[in-house]
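Asker: sharing a model that was predicted from the sequence below.
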Amino acid sequence: MKSLLRILALAMGITLVACTGNYKIDVKFANHDFDGKKAYLTNYDTGDTIDSVAVLEKHVCFEGDVDTAFFARLRIEDNRLDMIVEPGEIAVEWGKEIKVSGTPLNDKFNNLVKQLDRFDREWEQIAKAWQDGSLSTEQAQQRDDNRKARLLTTLYNGFLANKDNALGQWAFIQYLVEGEFTSSQLDMLLKKVPDQYLGLERVKQAKANAEAQGLTAVGQPFVDFEVRGSDGNVERLSHYAGDGISFTLVDFWASWCDPCMREIEGTLPHLYEKYNDSGLLKIVGVNVWDEPSAAIATVQRLSIPWHVMVGDHRLDLPTKLYGIQAIPYIVVIDPKGTIVLRGLNGDALIDAVEGLMAAHYVAK
């Protein structure tokens, strides 16, 4: 009813002076034409929808009541923005740059995000220097290891400073994602957090991911899964991997993921052209976290020559089984079905695959 009243008021030229409830989220879009599209406010931890409103005249407003501040996500199609829902007026400027401000925790969140953005820019500088030859692979790796250590320290400090509020929960979750901890390391960490953290779905998922990563670590047999396509046909990873003849490179990707496109258009064609005809290496794509229609359109648009497994719905089981938290993610399986590489991209992947196969086939 609130949304209908808002639409009628805008249509009649009436200005809505106040929103009901103890929080108001006022979102203004500067560079995006989202008019007519639905904006969803969801719980960051559970993914549950809290409210949904149509965007009108580059503006959308959410309002309601909240007793305890919690982390939320604003989603419009595949565009996402994180914020903290707490009492007060929350201002969101969604343009070339995005800013969330107006309430105490969101102001703190905005400052933390600025610190984290510096680490992203630093990574881009390292990658550029490595690509143009200014840094060797070893030097680039050392600098990135240093960068990541400082990133983890910043996140952990953000958690410690806000342990008892929603920002601390968010910082801790990001710390778990960036740190890629083993199950035993994670168990030690969870002894240091407030009890309510243990009930967070994303912490539970981090535990499941750590366990899955252990089961699918280098040296372990690959874990099989099946995908049912829109035509009703079912295929399994075992249809392609562990055939006793070829190495299998499994690429987990999505059509909306720009780094995924760089691998598909840049890295993987090099390996495909070099090894596919000889039968030494086969490539299999697994589309995840994506709409099947978007995936199929991308396969056709790019004329991807290797086989791609596309489900009849947005797939997430394959990434859960391998403990994958970000894509693109690549796993390489040897002819006997043992995982021999995981988590490499770009030139590092090419070098590793070439070295691996050279050693394997020379030995034979």
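Answerer: Nice, thanks for sending it over. What you see is a predicted model; the values in this text were computed from it and never measured. Residues are numbered from 1 along each chain as shown.
Asker: could you look up the SS state of Val331?
Answerer: Here Val331 is recorded as strand under DSSP: H, G, I helix; E, B strand; the rest coil.
Asker: partners of it in the sheet?
Answerer: Note on Val331: beta-bridge partners by DSSP bridges are Val250, Arg342.
Asker: could you identify the helix or strand that succeeds the host helix or strand of Leu152?
Answerer: Per DSSP states H and E: Leu152 is located in helix 137-161. Under the assignment DSSP H and E, the closest C-terminal helix or strand after helix 137-161 is helix 166-179.
Asker: give the other helices and strands that the next helix or strand along the chain from that next one contacts.
Answerer: Later in the chain than helix 166-179, the nearest helix or strand by DSSP H and E is helix 183-190. Judged by 3 or more C-beta pairs under 8 Å, 6 or more residues apart in numbering; DSSP states H and E, helix 183-190 is in contact with helix 201-215. In short, each C-beta sits where N, CA and C put it, glycine included.
Asker: now the helix it packs on: average pLDDT?
Answerer: The average pLDDT for helix 201-215 rounds to 93.
Asker: which residues touch that helix?
Answerer: The contact list for helix 201-215 (C-beta atoms under 8 Å, 6 or more residues apart in numbering) reads 44-47, 172-173, 176-177, 180-183, 185-186, 190, 197, 223, 320-325.
Asker: now it against helix 183-190, angle please.
Answerer: For helix 201-215 against helix 183-190, the angle by axes from the mean of the first three to the mean of the last three C-alpha atoms, to 10 degrees is 160 degrees.
Asker: how about the helix holding Leu152, which residues are buried there?
Answerer: For helix 137-161, burial by neighbour count (16 or more other C-beta atoms under 10 Å) applies to 140, 143-144, 147-148, 151, 154-156, 158-159.
Asker: how far is stretch 170-179 from where the chain is centred?
Answerer: In terms of C-alpha atoms, centre = their mean, to the nearest Å, the centre of stretch 170-179 is found 13 Å from the chain centre.
Asker: same deal with stretch 114-122?
Answerer: Relative to its parent chain, stretch 114-122 has a centroid offset of 17 Å by C-alpha atoms, centre = their mean.
Asker: list the buried residues for that stretch?
Answerer: Those would be 119, 122, for stretch 114-122 by 16+ other C-beta under 10 Å.
Asker: show me the shaky parts of this protein.
Answerer: Low-confidence segments of the chain, defined by pLDDT under 70: 1-21, 361-364.
Asker: of all residues in it, which one is nearest the centre?
Answerer: The chain has Ala326 as the residue nearest its centroid, 4.1 Å off, counting by C-alpha atoms, centre = their mean.
Asker: let me see the contact set for that one.
Answerer: Applying C-beta under 8 Å, 6+ apart, the residues near Ala326 are Val177.
Asker: same check on Asp258?
Answerer: Asp258 neighbours (C-beta under 8 Å, 6+ apart): none.
Asker: distance check, it against Gly266.
Answerer: 12 Å (C-beta to C-beta, to the nearest Å).
Asker: please apply the same query to Arg236.
Answerer: 29 Å.
Asker: before we move on, the earlier item: taking the buried residues of helix 137-161 together, which two end up most distant?
Answerer: Taking C-beta to C-beta as the measure, the buried residues of helix 137-161 span a maximum distance of 28.5 Å, between Ala140 and Phe159.
Asker: give me the neighbour count for Gln196.
Answerer: Using other C-beta atoms under 10 Å, Gln196 is surrounded by 11 other residues.
Asker: now it: how far from Gln169?
Answerer: Taking C-beta to C-beta as the measure, Gln196 falls 8 Å from Gln169.
Asker: what do you get for Ala217?
Answerer: 28 Å.
Asker: quick one: which of the two has more around it?
Answerer: Gln169 (26 against 13).
Asker: I figured the more buried one hits Gly199, correct?
Answerer: No: using C-beta atoms under 8 Å, Gln169 is not in contact with Gly199; the gap is 10.6 Å.
Asker: which helices and strands does the helix holding Leu152 pack with?
Answerer: So helix 137-161, by 3+ C-beta pairs under 8 Å, 6+ apart, packs with helix 104-131, helix 166-179, helix 346-363.
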